[in-house]
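Engineer: my questions concern the predicted model and sequence given below.
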Amino acid sequence: MKEYIEQNRERFLEELFSLLRIPSVSAKPEHKQDMYLCAETLAHLLLEAGADEAGISDTAGHPVVFGQKIIDPKARTVLVYGHYDVQPVEPLDKWAHDPFDPQVHDGAIWGRGANDDKGQLFMHIKAFEYLVQSGKLTHNVKFLFEGEEEISSPSLPAWIKAHKKLLKADLCLVSDTTMLGEDVPSINCGMRGLSYLEVKVTGPKKDLHSGHFGGTVANPVQVLCEMIASLIGEDGRVTVPGFYDEVVELSRADRKLLGRAPFDLKEYKEFLGVRELRGEKGYTPLERVGIRPCLDVCGIWGGYTGQGAKTVLPSEAHAKISMRLVPGQRSEQITKLVGRHLRRIAPKCVQVEVTPCGGCDGFTIPISSEAYQAAARAIAEVYGKEPVPARGGGSIGILGEMQKILGIDPLLMGFGLERDTIHSPNESYLLRQFFGGMESIAKFYEYWD
């Protein structure tokens, strides 16, 4: 495929840019028409690449793109999953250029969605195009691209259940994850789940003068901070009773296998801009983000935060809290557990409301499977190094749902890197990863026979 890439390099980039220019931000209602435009553009690209059929289908939310090419009903079928929605771009002033004006410089594609996930799903379309054009396609291929992954895929499970027969496949192939490094190819063999909630702490019925009432009326912001601080112990473990009850502890052999991933602590800290790391004692940094659960405050607010001084004792305070979960833990159960704990530890001087904000369960993939081994062989041939197994710290909630509904395992052939700063300003995707991913995907089909 390397020669095919060279011959079509500029066309590939311009076709990708046609997607990147569309502000398909699923979280914002004002982009509803952009979501349809992006979905229609993807369906058109699938047809041009050689799909027998491709189109969009309405859901309760944003549309789904489905396409397929059936070579032989008896042949193995690959279901390619990806998402065309992107994260909001704020803060805009942190971007070096318009996030929806994609550019190529410094060996990378720059723009919102360059990596997550338009750039990565686009690799599959072009690998498929090559296989069709060269007469090397021996598998049935189905494509499922959704527009709600960045908002936890609320509409997709129902759509999948309603189209279970249409989506029948032997494997779900996904590129929406990262490798450990530019020179350390890897394949994710599992991802964490997620539990997310919002906490509201209310004290007095209105904001008060801090001079007249400070020191005698509980300050909701301070109470909330005290409650949050109590959720993590000195050993880095979550203190919520029952939080670890269903955590599956990895064996020493499995930890050793995952420990093959090279890790430079000094380089890691320099990349992050921190002097020291914190986390659960007894585990390495990579284990903490791969095989252990955690709790983090994603946002906290209350009171006066404008310019200058306003001596106010606020009436209420808010926080958004996420828990990353490992296989064995159930999102719904953890959400109830943590919510109940927060209400229990709240002092009587305040009222606490906990609102669930969605979540998903984690999953693992057997590295002994034929599909994993085929992917490892393909990546090793392209990168010149055998990929190491890794656990993804993030979550792609819908994959666990698809695994349950369709009865197929996901294979995570992701080619992003941490340097790509997905979800942040100045998102990018290295060209060598973009084209190397196409080549690796095409070879996967060859080796998964």
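Structural biologist: Cool, got the structure.

Engineer: any idea how this protein splits into domains?
Structural biologist: 2-191+362-447, 193-247+293-359 (automatic domain parsing).

Engineer: what's the end-to-end length of the shortest one?
Structural biologist: Meaning domain 193-247+293-359. 7 Å (CA to CA, to the nearest Å).

Engineer: hey, which of the domains of the chain is tucked in deepest?
Structural biologist: Each of these was scored by mean neighbour count; the highest is domain 2-191+362-447, a mean of 20, by mean count of other CB atoms under 10 Å. (Each C-beta comes from the backbone N, C-alpha and C, glycine too.)

Engineer: coming back round to it: nearest to R278, of the domains of the chain?
Structural biologist: With CB to CB, the closest approach to R278 among the domains of the chain belongs to domain 193-247+293-359: 6.5 Å.

Engineer: now the closest one, how far from the chain's geometric center?
Structural biologist: Distance, stretch centre to chain centre, for domain 193-247+293-359: 24 Å (CA atoms, centre = their mean, to the nearest Å).

Engineer: quick one: mean pLDDT over that domain.
Structural biologist: Computed over domain 193-247+293-359, the mean pLDDT rounds to 96.

Engineer: try stretch 107-118
Structural biologist: In this model, stretch 107-118 has a mean pLDDT of 98.

Engineer: can you give me the end-to-end span of that stretch?
Structural biologist: One end of stretch 107-118 to the other measures 18 Å (CA to CA).

Engineer: let the chain start at 108 from now.
Structural biologist: Fine by me, first position is 108 from now on; the one you just mentioned is stretch 214-225.

Engineer: what's the offset of that stretch from the middle of its chain?
Structural biologist: With CA atoms, centre = their mean, you get 15 Å for stretch 214-225.

Engineer: ok, and the closest non-adjacent residue to L251?
Structural biologist: In space, and not counting its chain neighbours, L251 is closest to Y188: 5.2 Å by CB to CB, 6 or more residues apart in numbering.

Engineer: which SSE is the one you found in?
Structural biologist: Y188 belongs to strand 184-190 when elements are defined using DSSP states H and E.

Engineer: got a list of contacts for that strand?
Structural biologist: 224, 227-228, 231, 235, 246-257, 274-283, 505-506, 509, 513, 515, 517, 552, 555 (CB atoms under 8 Å, 6 or more residues apart in numbering).

Engineer: each with direction, which strands does that strand pair with?
Structural biologist: Within its sheet, and counting by DSSP bridges, strand 184-190 is paired with strand 247-253 (parallel), strand 278-281 (parallel).

Engineer: mind saving the C-alpha coords of the last one as PDB?
Structural biologist: Translated: strand 278-281. What follows is strand 278-281, C-alpha atoms only, in PDB (Å, rounded to 0.1, in the frame of the first residue of the first chain):
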ATOM      1  CA  LEU A 278     -14.900  -8.500  14.800                       C
ATOM      2  CA  CYS A 279     -15.200  -4.800  15.600                       C
ATOM      3  CA  LEU A 280     -12.100  -2.900  14.300                       C
ATOM      4  CA  VAL A 281     -11.400   0.500  16.000                       C
END
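
Engineer: strands along the stretch 158-307 of the chain, start to end?
Structural biologist: 160-164, 171-176, 184-190, 210-212, 215-217, 247-253, 278-281, 293-298, 300-309 (DSSP state E, counting those that start in this stretch).

Engineer: weakest of those strands in terms of mean pLDDT?
Structural biologist: For the strands of the stretch 158-307 of the chain, mean pLDDT drops lowest on strand 293-298, to a mean of 90.

Engineer: now that one: how far from the chain's centre is it?
Structural biologist: With CA atoms, centre = their mean, you get 13 Å for strand 293-298.

Engineer: now for that strand, which elements pack on it?
Structural biologist: strand 470-471, helix 477-490, strand 495-499, strand 517-519 (3 or more CB pairs under 8 Å, 6 or more residues apart in numbering; DSSP states H and E).

Engineer: so can I have TSV of those showing distance to T148 and mean pLDDT?
Structural biologist: Formatted as TSV, the helices and strands packed on strand 293-298 follow (distance: least, CB to CB, whole Å; pLDDT from 0 to 100):
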stretch	distance to T148	mean pLDDT
strand 470-471	30	84
helix 477-490	28	97
strand 495-499	28	87
strand 517-519	25	94
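
Engineer: okay if I get the ones you listed as TSV plus distance to Y303?
Structural biologist: TSV is the format used below for the helices and strands packed on strand 293-298 (distance: least, CB to CB, whole Å):
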stretch	distance to Y303
strand 470-471	18
helix 477-490	30
strand 495-499	17
strand 517-519	21
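
Engineer: and of the ones you listed, who's closest to A134?
Structural biologist: strand 495-499 (22.1 Å).

Engineer: for the helix or strand following the closest one, packing partners?
Structural biologist: Note on strand 495-499: by DSSP H and E, the next helix or strand toward the C-terminus is helix 504-513. Using 3+ CB pairs under 8 Å, 6+ apart, the elements in contact with helix 504-513 are strand 184-190, helix 263-269, strand 278-281, strand 300-309, strand 458-467, strand 470-471, strand 517-519.

Engineer: give me the contacts around helix 504-513.
Structural biologist: Helix 504-513 is contacted by residues 186, 188, 253, 256, 259-260, 263-264, 267-268, 271, 274-276, 279, 281, 298, 300-301, 465-470, 515-517 when judged by CB under 8 Å, 6+ apart.

Engineer: can you check stretch 152-160 too?
Structural biologist: 122, 126, 161, 172, 174-177, 229, 232-233, 235-236, 239-240, 244, 248, 250.
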